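How does the following fold in three dimensions:
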Amino acid sequence: RAEAAAPRPRPDGGAATAAALAAAIRDRAPALVLCGDRSPDGGTGAVPAFLAALLGARQALGAVHVEADGAELLVRRRIDGGRRELLRLRAPAVVSVEGGLPLRRAGLAAVRAARRRDVPVVEPLVEPVQPEPARAVRWGEVRAHRPRARELPAPAGDAPLHRIRELTGGAAPAEPPVLSTPGSAAAAVEVLLSYLDRHGYLPEEHR
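Got it, this is the predicted structure:
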C-alpha cells in the first residue's frame, strides 16, 4: 500500500499519481499490479496505463474477468460494439479491473489471516517525477466505430413486394387495437391475463 501526500488534485491526467506509485514499488519488482479501472471522483482511468509504462510492464485495462493459466494470465476485457477481447499476459503486468466485477467471497480462514497480516506502508517521493512523453506514437485516421454486419436469413418469397413485407414485418398478421373498459379491478386483471395467454407470454402452469 502506498500513501501519496497530494494536497490537491493535479490536472495531469493521473501521471503524477502513477509516478508516485512507481517510485514506491519499483524496488520491489512486483510481478502483478492490480488496480481499479478508475477512481469514483472523476478520474480519467489513465493511472494504470502510466504505471505500466513507468514499470516497463505489460498492461490490460478495463478487465471484466481475470484468471490464471499456469505462468500466464487470461484477461477478458470489454471493447466497443458489445464484444469481448481475450488477452494472454506474462509477468510483469498491470491489470485494471472494472468496478462492477463480482469478487469471490473469501473463506473464514483467509479473512481471519488477512486481519493479522502486516501491510507495509511505503512513503513515495514528495514531488513525483513526471513520466517521459511517448516518442514513437503514430496517429491514424480518426473515424467512428462501425460494428460488423450481422448475417441474417434471406426473406422468403419470389416477388420483391413479398420480400419487402417479410423484412418489414408487414406479412405478419396484426391484431387490431381493442379498447376495453372493465368495470372492476378483477375484470381488468382478467382482460390482461387473457391477452398474455393469447400471445404465449404465460407459462403452462399459470394458464
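
Now do the contacts for Ala71.
Counting by CB atoms under 8 Å, 6 or more residues apart in numbering, Ala71 makes contact with Arg90, Ala91. Where C-beta positions appear, they are placed from N, C-alpha and C, glycine not excepted.

what separates it from Gly183, distance-wise?
Separation of Ala71 from Gly183 (CB to CB, to the nearest Å): 73 Å.

you'd agree Leu32 is up against Ala91?
Yes: the criterion here is CB atoms under 8 Å, and Leu32 meets it with Ala91 at 6.1 Å.

Quick one, grab the pLDDT at the residue of the chain positioned farthest from its centre.
Outermost residue of the chain with respect to the C-alpha centroid, by CA atoms, centre = their mean, is Gly183; its distance is 49.6 Å. Looking at Gly183, its pLDDT reads 86.

same thing with the one 5 residues further on?
Ala188 carries a pLDDT score of 89 in this model.

Can you name the helix or strand that it falls in?
Following DSSP states H and E, one finds Ala188 within helix 185-198.

do Val95 as well
Per DSSP H and E: strand 93-97 holds Val95.

Okay, now the sheet partners of that strand, with direction.
strand 32-36 (parallel), strand 58-69 (parallel) (DSSP bridges).

ok and the helix or strand where Leu21 lies relative to strand 32-36, angle-wise?
Element membership of Leu21 [criterion: DSSP H and E] is helix 15-25. In terms of direction (axes from the mean of the first three to the mean of the last three CA atoms, to 10 degrees), helix 15-25 departs from strand 32-36 by 140 degrees.

what pLDDT, on average, does helix 15-25 get?
Mean predicted confidence for helix 15-25 is 85.

again with stretch 95-103
75.

Over to stretch 51-66?
Rounded mean pLDDT across stretch 51-66 is 89.

Regarding that stretch, how distant is the last residue from the first?
Stretch 51-66 has its terminal residues 19 Å apart, counting by CA to CA, to the nearest Å.

mind starting the numbering at 33 from now?
Done: numbering now begins at 33, and the last item shifts to stretch 83-98.

in it, what counts as buried?
83-87, 89-95, 98 (16 or more other CB atoms under 10 Å).

Those: which two are farthest apart?
Leu86 and Val98 (21.7 Å; CB to CB).

Run the chain-centre distance for the helix holding Ala220.
With CA atoms, centre = their mean, to the nearest Å as the basis, helix 217-230 stands 41 Å off its chain's centre.

what's the spacing between the helix or strand of the chain with the lowest mean pLDDT and its chain's center?
Lowest on mean pLDDT, DSSP states H and E among the helices and strands of the chain sits helix 192-200, with a mean of 80. Chain-centre distance of helix 192-200: 39 Å, with CA atoms, centre = their mean.

So which elements touch that helix?
The helices and strands touching helix 192-200, judged by 3 or more CB pairs under 8 Å, 6 or more residues apart in numbering; DSSP states H and E, number zero.

Let me have that helix in PDB, keeping just the CA atoms, if that works.
Taking C-alpha atoms only, helix 192-200 is exported to PDB below (Å, rounded to 0.1, in the frame of the first residue of the first chain):
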ATOM      1  CA  PRO A 192     -39.900  -8.100 -54.500                       C
ATOM      2  CA  LEU A 193     -43.000  -6.900 -52.700                       C
ATOM      3  CA  HIS A 194     -43.300 -10.200 -50.800                       C
ATOM      4  CA  ARG A 195     -39.600  -9.900 -49.700                       C
ATOM      5  CA  ILE A 196     -40.100  -6.300 -48.500                       C
ATOM      6  CA  ARG A 197     -43.100  -7.300 -46.500                       C
ATOM      7  CA  GLU A 198     -41.100 -10.100 -44.900                       C
ATOM      8  CA  LEU A 199     -38.300  -7.800 -44.000                       C
ATOM      9  CA  THR A 200     -40.500  -5.100 -42.600                       C
END
